[in-house]
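**Q** need coordinates for the below:
(2 chains)
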Amino acid sequence: MTLRVYDTRSRDKRAFSTLENGRVRMYVCGITPYTPSHLGHARCYLAFDVVHRWLEASGYDVDYVQNFTDIDDKILDISEAEGVDFSEVANRNIADYYEAMDAMNVLRADSYPRVTETIPEIIDMVSTLIDKGHAYIGDDGVYFEIDTAPEKYGQLTGQTLEMVRAGAGGRVEDTGSGKRDHRDFALWKLAKPAEPSWDSPWGAGRPGWHIECSAMSLKHFGEQFDVHGGGHDLRFPHHEAEIFQSECCTGREPVVGYWMHNGFVNVDGEKMSKSLGNFWTVSDAFELHHPLALRYALLSVPYRNPIDLTPEFLADADSHYERLVSVYGASLGADGESGADLAGASECFAAAMDDDFNTRAAIIEVQGVVASGAGADVAAWLESHAGDALGLLPSRDEVMSSLAEADSAKSEVAGKVESLLAEREAAREGSDWARADQIRDELAAMGVVVEDGPDGPVWHLG
RNA sequence: GCACGGGUGGCAGAGCAGCUAUGCAAUGGACUGCAGAUCCAUGGACCCGGGUGCAAAUCCCGGCCCGUGCUCCA
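**A** Below you'll find the predicted structure:
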C-alpha cells in the first residue's frame, strides 16, 4: 500500500516520495494573528495535523514548520486603534491560537518561526533577488519583477500573465505604488511615519507578505522541501509568489514537492472569512461543542472539499463523538472481545488514509468498529486509529477519570434512586402507571434517566 | 470575463469504470403499560444532452447551476 498525495501543481494524486528517505520536510502557512482564530483556521491546521500524524504513523520522521506572520497591516491597524504595541496584539492572538489548537488535540509543529525573528534572512533573500536582477527598488519599497521569470507564472492556478493583466476589472492601470507592473509584488515595504520598522539596505521598513515563507523555508529546510500546505485561497498570489522568490533566489526547482491546499469552511454556501464577517471563532464554537466533537466534524469531510457548517452537521458530529468516547470508555473496562473484524477495519482505514488522507473514509471505519460495541480489543484499536492517527480521542486518563467521576456522582444518588425505583417497580406491578410515571418524572428532575429493559430498569445520569 | 473546484437518496456526505458507502431521518418488525434505548429488516440517488466502453455516478465533449481565486484572507 502506498501513500498517494494530491499535488495542486500537478493537479493529480501522486505516489508520495521525499527528498531524503524516511524524512518529510513540511511547511504550512500559519496565521496572521490579528484576531482570534476562527473555524476556517481550525480546519486548516486540523487537516495538516492529520497529515503530520499519518506521515509519522507511516514511519516518516516529520520536520514540521509553521510560521506566524506577526507583523502586518491589520495587526498595525489594531495596535493603533488600541494604542498598544503591535507585538501585544500578535502575542495575545498567538496565545489564543495555541489554546484552541491544544484543545482540539493538534500536535505542535517542530518550529513556529515569526517574521520578526527572521528579518536578517529576509533581507539576505531580497538582496540576492536584487543582485540576480529579479527585483527592483521602487519609490516605496522593493518589488519582485514578474517579467524576469514569466515561465513560472500560473503553476498553481493555471492563470497566465495575460489573464491576470487583463483581469480583475481594470484595476490594472493604477497600482498606486512604486510597482512597474501591477503583477509585481512587494518584497520590502518602506515604513510610513511612526510604523514599526527594521533597518535594511533600502531604508527602514518591513517585509512584504510573501517573502517570509520563502525565507523561513530556506532557513529551516534549505533550497527544496517536500510538502507545503495552506488554505486554498493562498494558492494565488501567495504561493505562486513563493515559487518566484525561492526558485529565483536559489536557482533550484521545484522548491516544493507537493503543494497541498485545504478547502474552505462555508456558512450558507459561502466561504467563512473575517472580511465577510460570517465567522465563528473557535472559542465561540467551544461554547456549543466539545473541542474534539468539533474536530470530528471538521475531519468528517476530506480536507480538499468545502465543508458547509450547519447546526445539523455539527449535531451529527456531536453524537458520533459522544458515542465514540462512550464505547472507548466502556472498552477500557471490558473483559471480552467485541468480535469486530479489526484487521479488516485496520486495512480499510490505512487504505483510506493512504488515499490522500481521506479522513471521511477513515472515520467510517471507526464508526464501524464503534458500532460493533465495546471490547478489550476495541480499546487498543481505537487508541491507535481514532486516537493516534485522527486525534479524536481524549487521553485514556481523561476518559478514566471522567468515568470515575460519573461513577462517584452516581453512587452519591444511588441509594435514593434505588429506593424510588423499587417503589416505581411496585407501582408498575400494580399497573399504577400514573404513580410510576410520577416517580420517573421525579427522577428526571434529579437528572436521572430511567430506561426499562428486559431485565428491569437501568438508570444513568443524563 | 478568465482560472480552479464542485453538482450523488429527505438531509449531511463518501465513492470517481463492474462489487450494500456510511450516519441521521423515514418505514416495517422485535422488545415495551407508556417513553427511551437497543436489535433486525426495508425503501430511496447519482444536474441536463450527446459520446466512448461488454459495462459510466465514475472517462470524453457540450450545456446549465453553484463555490473559490484573479484584492487582505486558512
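**Q** so who does A:Ala317 touch?
**A** Contact analysis of A:Ala317 by Cβ atoms under 8 Å, 6 or more residues apart in numbering lists A:His289, A:Ala293, A:Leu294, A:Tyr296, A:Ala297, A:Ser300. All C-beta spots, glycine's among them, are computed from the backbone N, C-alpha and C.
**Q** cool, A:Ile71 as well?
**A** Here A:Ile71 is in contact with A:Phe86, A:Ala90, A:Val115, A:Thr116, A:Pro196, A:Arg206, A:Pro207 (criterion: Cβ under 8 Å, 6+ apart).
**Q** my read is the fifth one is in a strand, agree?
**A** No. Counting by DSSP: H, G, I helix; E, B strand; the rest coil, A:Pro196 is located in no strand; its state is coil.
**Q** pLDDT of stretch A:342-350, averaged?
**A** Mean pLDDT, stretch A:342-350: 89.
**Q** just the CA trace of that stretch, in PDB.
**A** The C-alpha trace of stretch A:342-350 is given here as PDB (Å, rounded to 0.1, in the frame of the first residue of the first chain):
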ATOM      1  CA  LEU A 342     -10.500  -5.300  13.500                       C
ATOM      2  CA  ALA A 343      -7.900  -6.500  11.000                       C
ATOM      3  CA  GLY A 344     -10.200  -5.700   8.100                       C
ATOM      4  CA  ALA A 345     -11.000  -2.300   9.600                       C
ATOM      5  CA  SER A 346      -7.300  -1.500  10.000                       C
ATOM      6  CA  GLU A 347      -6.700  -2.400   6.400                       C
ATOM      7  CA  CYS A 348      -9.500  -0.200   5.200                       C
ATOM      8  CA  PHE A 349      -8.500   2.600   7.500                       C
ATOM      9  CA  ALA A 350      -4.900   2.600   6.200                       C
END
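**Q** that older thread, who wins on neighbours among the contacts of A:Ile71?
**A** Taking other Cβ atoms under 10 Å as the neighbour criterion, A:Pro207 ranks highest of the contacts of A:Ile71 with 28 neighbours.
**Q** how about A:Ala100, nearest residue that isn't a chain neighbour?
**A** Nearest residue to A:Ala100 in three dimensions, chain neighbours excluded: A:Val282, at 4.0 Å (Cβ to Cβ, 6 or more residues apart in numbering).
**Q** per-residue confidence for the one you found?
**A** For A:Val282, the model assigns a pLDDT of 94.
**Q** before we move on, back to that, secondary structure, pLDDT and distance to A:Leu55 added to the contacts of A:Ile71, as JSON lines?
**A** Output for the contacts of A:Ile71, formatted as JSON lines (DSSP: H, G, I helix; E, B strand; the rest coil; pLDDT from 0 to 100; distance: Cβ to Cβ, whole Å):
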{"residue": "A:Phe86", "secondary structure": "helix", "pLDDT": "96", "distance to A:Leu55": "35"}
{"residue": "A:Ala90", "secondary structure": "helix", "pLDDT": "97", "distance to A:Leu55": "29"}
{"residue": "A:Val115", "secondary structure": "helix", "pLDDT": "96", "distance to A:Leu55": "26"}
{"residue": "A:Thr116", "secondary structure": "helix", "pLDDT": "96", "distance to A:Leu55": "30"}
{"residue": "A:Pro196", "secondary structure": "coil", "pLDDT": "94", "distance to A:Leu55": "37"}
{"residue": "A:Arg206", "secondary structure": "strand", "pLDDT": "95", "distance to A:Leu55": "34"}
{"residue": "A:Pro207", "secondary structure": "strand", "pLDDT": "96", "distance to A:Leu55": "30"}
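**Q** closest to A:Asp441 among those?
**A** Lowest distance from A:Asp441 to those (Cβ to Cβ) belongs to A:Ala90, with 54.4 Å.
**Q** tell me the SS of A:Val458?
**A** Assignment for A:Val458 (three-state DSSP): strand.
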